[in-house]
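Q: prediction below, plus the sequence it came from.
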Amino acid sequence: MPVPRTRTPPDVKWLLTERAALAGEHARAVAKQLVLLAKRERLEKQLSKVLGQIASTETASKRAQASLDALDATMGLVNIRLEPTAAGVVDAWAGKYGKRGALGAFVEETLRQAAPEPLTTTVLINLASRQFGLTFTLPKDRRNFRKSVSSALSALLKRDRVEPLHSREEGSHGLWRWKSQVPSFEALRLRAEALAARRMEAA
Amino acid sequence: MALTMTRTRTQTTLNKLAEMLANVNGELAFVEALLQRAGGVAAEPEARVRLAARLQKLTADRVALCATIRQFDADIDPERVGTLEEWRLKFGNRRLSVGRLQEKYAQSLAI
């Protein structure tokens, strides 16, 4: 039995479609608002962190200034003609990673424990920053720390303790593996052959 | 432990700082004692003012030297540094009587 066709009155049709459109607009606005609220929360956390860091740099600056004043006064006692700023300003090693050599030792130990699995430079940076409680406020800070980790890896490479599994020339992401000091089976076989040959010659 | 250039320099610096602090401590004790006495060279109001100013200067020097030593090595406690009387030498030999030393000291402050 065919369903009788009904005609929707234009006013009802308009009301329904208009409402549907408005409901869509409302849903989009609510969704966007949720995203923006989440963003605000994230930015507020970041702001709070940055404000904390500003406060700690202010404290560090005041402490350093007090020490500078003390050293200047001491210099005046040592020799009145001594110019305190004669040595200029240097970015000296400041014990950021514990005692001297601590970062290198950490990188070495981490790679040794991970062996035979390799580790990427990025993983090493993350592990080291967690180990030494470092936070990088600015991208420059992270870049500087990357340089420190890279130089620790280069030092290990010079000492033949690690091997790069990436192409160093092409500048690809670093992948490093602890170099086992135990000789491989191939090396042992070659050594045994050389020994046998020497014995044969001697006989 | 071998005395490398760095180690020699470090040791010399620490010796010098400790010696300076000990002399400041010695002079500070001397001035404090002078100010506590009602008579003698501290009897004149002008002399007392000069001695008080010198006391203030010595206290500031002491604070600066203590901070410098802590900066040098945070494990060293500068409060444990005692007193030296080498500062007296600029007023004459060691056998100078206390009264004469006080006079000379007060005169040096008046200049």
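A: Ah, there it is.
Q: next, count neighbours for residue A:162.
A: Using other Cβ atoms under 10 Å in any protein chain shown, residue A:162 is surrounded by 24 other residues. For glycine as for every other residue, the C-beta is placed from the backbone atoms N, C-alpha and C.
Q: pLDDT score assigned to residue 68?
A: Just going to use chain A. pLDDT, residue A:68: 94.
Q: switch to chain B, please.
A: In this model, residue B:68 carries a pLDDT of 93.
Q: likewise for residue A:181?
A: Residue A:181 is assigned 69 on the pLDDT scale.
Q: what's the answer for the one 10 residues further on, then?
A: The pLDDT attached to residue A:191 in the predicted structure is 81.
Q: could you check the distance from it over to chain B?
A: Look at residue A:191 and chain B: by Cβ to the nearest Cβ, to the nearest Å, they are 41 Å apart.
Q: and residue A:50, by the same measure?
A: Applying Cβ to the nearest Cβ to residue A:50 and chain B gives a distance of 29 Å.
Q: need the contact list for that residue.
A: Residues near residue A:50 by Cβ atoms under 8 Å, 6 or more residues apart in numbering or on different chains: residue A:137.
Q: and it, backbone torsions?
A: phi -60, psi -40 (degrees, to the nearest 10).
Q: domains in chain A, by residue range?
A: A:15-79, A:102-178 (automatic domain parsing).
Q: so which of the ones you listed is the most surrounded?
A: Mean neighbour count (mean count of other Cβ atoms under 10 Å in any protein chain shown) peaks for domain A:102-178 among the domains of chain A, with a mean of 15.
Q: show me the shaky parts of chain A.
A: Along chain A, the model assigns pLDDT under 70 to residues A:93-96, A:98, A:168-172, A:181-184.
Q: got the residues of it near chain B?
A: With Cβ under 8 Å from any Cβ of the partner chain as the criterion, chain A meets chain B at residues A:66-67, A:69-71, A:73-74, A:77-78.
Q: among these, which ones are in helices?
A: A:66-67, A:69-71, A:73-74, A:77-78 (DSSP state H).
Q: ok, back up a step: now render the residues of chain A next to chain B as a markdown table, adding distance to residue A:190.
A: Formatted as a markdown table, the residues of chain A next to chain B follow (distance: Cβ to Cβ, whole Å):
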| residue | distance to residue A:190 |
| --- | --- |
| A:66 | 65 |
| A:67 | 61 |
| A:69 | 67 |
| A:70 | 65 |
| A:71 | 62 |
| A:73 | 69 |
| A:74 | 65 |
| A:77 | 69 |
| A:78 | 65 |
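Q: how about the strands in chain A?
A: A:119-120, A:162-164, A:175-178 (DSSP state E).
Q: what's the longest one in contact with?
A: The reference is to strand A:175-178. A:111-112, A:114-121, A:124, A:153, A:161-166.
Q: ok, the closest residue to residue B:92 other than its chain neighbours - contacts?
A: Excluding the flanking residues, the one nearest residue B:92 by Cβ to Cβ, 6 or more residues apart in numbering or on different chains is residue B:104, at 6.7 Å. Contacts for residue B:104 (Cβ under 8 Å, 6+ apart) come out as B:91-92, B:96.
Q: which helix is the longest one in chain B?
A: Using DSSP H to define each element, chain B has its longest helix at helix B:5-36.
Q: from the chain's centroid, how far away is it?
A: 7 Å (Cα atoms, centre = their mean, to the nearest Å).
Q: in that helix, what counts as buried?
A: B:17-18, B:20-28, B:30-31, B:34 (16 or more other Cβ atoms under 10 Å in any protein chain shown).
Q: kindly reformat those as CSV containing distance to chain A and pLDDT.
A: Output for those, formatted as CSV (distance: Cβ to the nearest Cβ, whole Å; pLDDT from 0 to 100):
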residue, distance to chain A, pLDDT
B:17, 7, 93
B:18, 12, 94
B:20, 6, 95
B:21, 9, 96
B:22, 13, 96
B:23, 10, 96
B:24, 8, 96
B:25, 13, 96
B:26, 14, 95
B:27, 12, 95
B:28, 13, 96
B:30, 17, 93
B:31, 16, 94
B:34, 21, 89
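Q: and the furthest pair within the residues you listed?
A: B:17 and B:34 (26.0 Å; Cβ to Cβ).
Q: sorry, back to before: got TSV for the domains of chain A, with distance to residue A:196 too?
A: As requested, these are arranged in TSV below (distance: least, Cβ to Cβ, whole Å):
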stretch	distance to residue A:196
domain A:15-79	67
domain A:102-178	28
